[in-house]
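>>> need the 3D shape of this:
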Amino acid sequence: MTDELRGLLRESAEAHLPDRARMLARVERGTARRGAARGLRDRARTGPLTWPKIVLATLATAGTLTVSALTVVAVVHTPDPPRQPAAAAPSAAPSAVDRTAPPTAGSRTEDGPLWSDGSVDPHSNTYWAQSNVTLKTRKPLTALVVELRIALTAGVKDTGSWRTLPAEDFELSAREEGGFLVYRWTLKPGRNVPSGEHVFAGQYDHATGGRDAKDDAYRIDAAGAGEGGAAVWGGFA
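I've put the predicted structure just below:
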């Protein structure tokens with residue numbers, strides 16, 4: 001092999017040796033890219049909520065609003081608390097409410113600030129019924145007794161009651177007396193009834209078939225602060 005050929009081979013081999021400076025630069029660029037990618041992943045973990053988390057948060061908020069709405073509805077129309085059917089009926093102050101007139105003596109649906117109506121609820125059926133007593137008052141009341149009398153026709157049995165006013169403002173009794181199932185709501189001392197429309201309802205089972213409510217009756221006695229008493233009564237045609 002001639003010296004010229006050896007020189008050519010050496011030059012060719014040296015041309016294939018790695019460039020150390022170039023390799024170090026490539027390593028540094030790769031390290032920088034990995035660091036940037038890691039930073040992006042860290043920011044993703046600590047950054048804004050991803051869409052599944054946003055959906056879950058939205059559902060949780062909607063659930064809270066639904067529970068609140070149901071609570072408000074329940075306050076507007078809630079059943080009366082359990083009571084002892086045999087308990088003695090409470091009475092209002094005699095000076096505030098005069099209950100000498102019988103509840104079935106004709107029909108008087110207006111007196112002073114009071115207006116009233118009795119009706120069988122349209123959702124009643126062949127096995128069960130609800131009787132509604134509606135009271136409208138143009139002035140606030142400081143004494144109130146609402147009495148609903150359901151004639152004890154075949155199968156009549158108490159199944160519950162409710163009122164649109166707060167339950168804690170009233171004493172309630174439900175018992176059988178004189179051939180009637182009698183519901184009585186009595187306003188507690190120190191409580192008030194605002195002006196407006198209010199409903200008191202009694203619920204009961206009865207024998208299968210249509211029930212005649214001609215013997216049912218209601219009576220409302222009330223008084224306002226510093227005023228004389230007023231009374232209204234009627235039936236359930």
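>>> let's test this: mean pLDDT of stretch 125-132, rounded?
Averaging pLDDT along stretch 125-132 yields 97.
>>> next: stretch 158-172.
Mean predicted confidence for stretch 158-172 is 97.
>>> that stretch: end-to-end distance?
13 Å (C-alpha to C-alpha, to the nearest Å).
>>> report the buried residues of it.
Residues of stretch 158-172 classed as buried: 158, 161-165, 169-172 (neighbour count, 16 or more other C-beta atoms under 10 Å). All C-beta atoms are positioned from the backbone trio N, CA, C, and that covers glycine.
>>> again with stretch 122-135
Applying 16+ other C-beta under 10 Å to stretch 122-135 flags 124, 128-135 as buried.
>>> quick one: which of these sit in strands?
128-135 (DSSP state E).
>>> out of these, which comes closest to Thr142?
For these, the closest approach to Thr142 (C-beta to C-beta) belongs to Leu135, at 14.7 Å.
>>> quick one, strands of the chain?
Counting by DSSP E, the strands of the chain are 78-79, 110-111, 114-120, 128-137, 143-151, 157-163, 170-177, 180-187, 196-205, 217-223, 229-235.
>>> nearest approach to Arg211 belongs to which of those strands?
strand 128-137 (6.0 Å).
>>> that closest one relative to strand 217-223, how many degrees between them?
Orientation note: strand 128-137 sits at an angle of 30 degrees relative to strand 217-223 (axes from the mean of the first three to the mean of the last three C-alpha atoms, to 10 degrees).
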